[in-house]
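**Student:** heads up, no residue letters with this:
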């Protein structure tokens, strides 16, 4: 009867450090041991305000962090959290990326924070990373030692254009790539899946949806018949190819299905 | 061995997904069907779209699960387009509805009925009120809501979902039966709260919420037991059912259907298959061939 005692209540943890990563991106560190795998997330509670899922972006023995991008009310409120303040944490939740040789990781924007612990776990990964412009790029120092290909939409750093431009060239040129692992804007990930299908390369993508619970109960994060918080957030090619909603629609907090464009225009 | 007849609906087993757990989308209902449930109750819908409360809206500790989701829902009009119809899934679907005002219950029920669910469940536990008292807490108001729904649902059976947060649940059940209810769903969550001593604040954004999970089971059993002695219509016994033995207890208290919601949290989406297997094991061991043979046997 042991299954009957799950403790999943937020635990107030002290923020050990706050690091500005880029324009609007901030990492919050905790000196706590979190048993977590690449791609998993925690629920972060700002008492009296709200609670949101955040990918674990740094992970080492006795320390972890998440990286927030200020886009809505919650992430704006997080900007006021300082070192030694406390945040409620529960988790980790969700499944995780597989660790395979010859992986190419493709990240768009703050999506890099969802694949950063994966990058840390891989041997000689290739990284393609894109952002709107130079000031939105994060972790550049962190990944100095890695084969990294940067794109910006406006050409202010790296190559002007999109991650998918580089990926397409790479897939044509480099036949050794076995898997593409990605997190970023869903339109980008959809395009990546299409490229993977064309080149017969396995794909894993980490999806984002509005969540209440994080453990498969509230039913708000459904994509077709998949529950993103427990079946995902990482899905493989076969699953992604079976999801008609992937790259097209998402559900609001109310459960109403809308286009991805409308979904992203609302900051919950 | 577990076949159950609920208001003429043939269920392959008595387990029913309780409203509010998954059930936001039609595809999730289908998945629960594959996971072995005898029927699936959708998340409650009303006349308008509601985003619900901020988080935290739910969490669990020890044998307690607390939630205050704030009745989020896309609204019945949007759901009609989203679902199309509800009689073409692999499992009987129970549409759950509510309104703020009594007439709205009828309007929403009519629209839900047009989707052809196997049954309509009426959530009268919402805090909105027409008469200064919540509908679940007053027999006369519960009867008015029941009539308003019954007039709009034709031949589709309706079940009234009762709250345990009342002085006497028997009189509410009796009033619903007299007003035409075909079944009673008992119970909704019992109110409760939790405070984080480090944050010095209630954890639920809504401060107060509803208790479910194993902690709710004794209250649910007591309510089902009392209602069974009061009404003739079938009862969907819901509250804390996690294992096969819990379901057998519910049936012995008098339940026909057995609701499972938070059980998913403790045992996964296939909790339905697990509970059914455990029920069958118990029945074989105790030479019970049919659930009718033990229904209500704890009475008298």
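**Tutor:** Yes, it's here. Given the structure is predicted, the values throughout are model-derived calculations rather than measurements.
**Student:** only C-alpha atoms for contact and neighbour calcs from this point on.
**Tutor:** Will do.
**Student:** Flag every residue of the stretch 101-250 of chain A that's near chain B.
**Tutor:** A:212-213, A:215-220, A:222, A:224-226 (C-alpha under 8 Å from any C-alpha of the partner chain).
**Student:** Top of those by number of neighbours, please.
**Tutor:** Among these, residue A:220 has the most neighbours (other C-alpha atoms under 10 Å in any protein chain shown), with 30 neighbours.
**Student:** May I have the strands that pair with the one helix or strand residue A:66 maps to, each with its orientation?
**Tutor:** Element membership of residue A:66 [criterion: DSSP states H and E] is strand A:63-69. Here strand A:63-69 is paired, per DSSP bridges, with strand A:25-30 (antiparallel), strand A:50-60 (antiparallel).
**Student:** one step back: keep only those of the residues of the stretch 101-250 of chain A next to chain B that are in helices.
**Tutor:** Among those, none falls in helices (DSSP state H).
**Student:** how about residue B:233, what does it touch?
**Tutor:** By C-alpha atoms under 8 Å, 6 or more residues apart in numbering or on different chains, the residues touching residue B:233 are B:177, B:181-184.
**Student:** mind showing which ranges of the stretch 1-150 of chain A have poor pLDDT?
**Tutor:** Low-confidence regions of the stretch 1-150 of chain A, defined by pLDDT under 70, span residues A:1-6.
**Student:** Domain ranges for chain A, per the record?
**Tutor:** Domain assignment for chain A by automatic domain parsing gives A:8-93, A:103-265.
**Student:** Using TSV, lay out these together with distance to residue B:43.
**Tutor:** Output for the domains of chain A, formatted as TSV (distance: least, C-alpha to C-alpha, whole Å):
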stretch	distance to residue B:43
domain A:8-93	22
domain A:103-265	9
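**Student:** Give me the neighbour count for residue A:241.
**Tutor:** For residue A:241, the count of nearby residues is 15 (other C-alpha under 10 Å).
**Student:** actually residue A:137, not the one I typed
**Tutor:** Residue A:137 has 23 neighbouring residues, counting by other C-alpha under 10 Å.
**Student:** Please tell me I have it right and it contacts residue A:26.
**Tutor:** No: taking contacts as C-alpha atoms under 8 Å, residue A:137 lies outside contact range of residue A:26: 11.8 Å.
**Student:** ok, and the closest non-adjacent residue to the residue of the stretch 1-150 of chain A found nearest chain B?
**Tutor:** In the stretch 1-150 of chain A, the residue found nearest to chain B is residue A:7; the distance is 4.2 Å by C-alpha to the nearest C-alpha. Leaving aside its sequence neighbours, residue A:7 sits nearest to residue B:61 (C-alpha to C-alpha, 6 or more residues apart in numbering or on different chains; 4.2 Å).
**Student:** all helices of the stretch 1-150 of chain B, in order?
**Tutor:** B:26-34, B:76-83, B:102-114, B:139-150 (DSSP state H, counting those that start in this stretch).
**Student:** for the ones you listed, which one sits closest to chain A?
**Tutor:** Of all the helices of the stretch 1-150 of chain B, helix B:26-34 comes closest under C-alpha to the nearest C-alpha, at 5.1 Å.
**Student:** angle of that closest one against helix B:76-83?
**Tutor:** Using axes from the mean of the first three to the mean of the last three C-alpha atoms, to 10 degrees, the direction of helix B:26-34 lies 60 degrees away from that of helix B:76-83.
**Student:** now the most centrally placed residue in chain A: how far from residue B:67?
**Tutor:** Chain A has residue A:114 as the residue nearest its centroid, 2.9 Å off, counting by C-alpha atoms, centre = their mean. Going from residue A:114 to residue B:67 by C-alpha to C-alpha, to the nearest Å gives 28 Å.
**Student:** and if you look at residue A:67?
**Tutor:** From residue A:67 to residue B:67 the distance is 27 Å (C-alpha to C-alpha).
**Student:** Same question for residue A:60.
**Tutor:** To residue B:67, residue A:60 is 33 Å away according to C-alpha to C-alpha.
**Student:** Compare those two and say which is more crowded by neighbours.
**Tutor:** Legend: neighbour count by other C-alpha under 10 Å for residue A:60 and residue B:67, higher for residue B:67 (26 against 15).
**Student:** which residues touch the nearest residue to that one once chain neighbours are set aside?
**Tutor:** Leaving aside its sequence neighbours, residue B:67 sits nearest to residue B:58 (C-alpha to C-alpha, 6+ apart; 4.2 Å). Taking C-alpha under 8 Å, 6+ apart, we find residue B:58 in contact with A:212-213, B:65-69, B:204.
**Student:** TSV for the residues you listed, including pLDDT and distance to residue B:93?
**Tutor:** Below are these laid out as TSV (pLDDT from 0 to 100; distance: C-alpha to C-alpha, whole Å):
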residue	pLDDT	distance to residue B:93
A:212	94	24
A:213	94	24
B:65	96	25
B:66	96	26
B:67	96	24
B:68	94	24
B:69	93	22
B:204	96	30
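**Student:** Next, count neighbours for residue A:49.
**Tutor:** Other residues near residue A:49 come to 15 when the count uses other C-alpha under 10 Å.
**Student:** any idea how far residue B:251 is from it?
**Tutor:** Distance of residue A:49 to residue B:251, given as C-alpha to C-alpha: 42 Å.
**Student:** Equivalent analysis for residue A:103, please.
**Tutor:** For residue A:103, the distance to residue B:251 equals 54 Å [C-alpha to C-alpha].
**Student:** Among the two, which residue is more densely surrounded?
**Tutor:** Using other C-alpha under 10 Å as the criterion, residue A:103 and residue B:251 rank with residue B:251 on top: 28 against 23.
**Student:** For the helix or strand harbouring the more buried one, the averaged confidence score.
**Tutor:** Using DSSP H and E, residue B:251 sits in helix B:244-253. For helix B:244-253, mean pLDDT rounds to 98.
**Student:** How about stretch B:81-101?
**Tutor:** 96.
**Student:** Now the terminal residues of that stretch, how far apart.
**Tutor:** The straight-line separation of the ends of stretch B:81-101 (C-alpha to C-alpha) is 24 Å.
**Student:** How far off centre is that stretch?
**Tutor:** 14 Å (C-alpha atoms, centre = their mean, to the nearest Å).
**Student:** ok, back up a step: show me what the nearest residue in space to the residue nearest to the centre of chain A that is not next to it in sequence bridges to in the sheet.
**Tutor:** Nearest non-adjacent residue to residue A:114, counting by C-alpha to C-alpha, 6+ apart: residue A:55, 5.2 Å away. Under DSSP bridges, the beta-bridge partners of residue A:55 are residue A:41.
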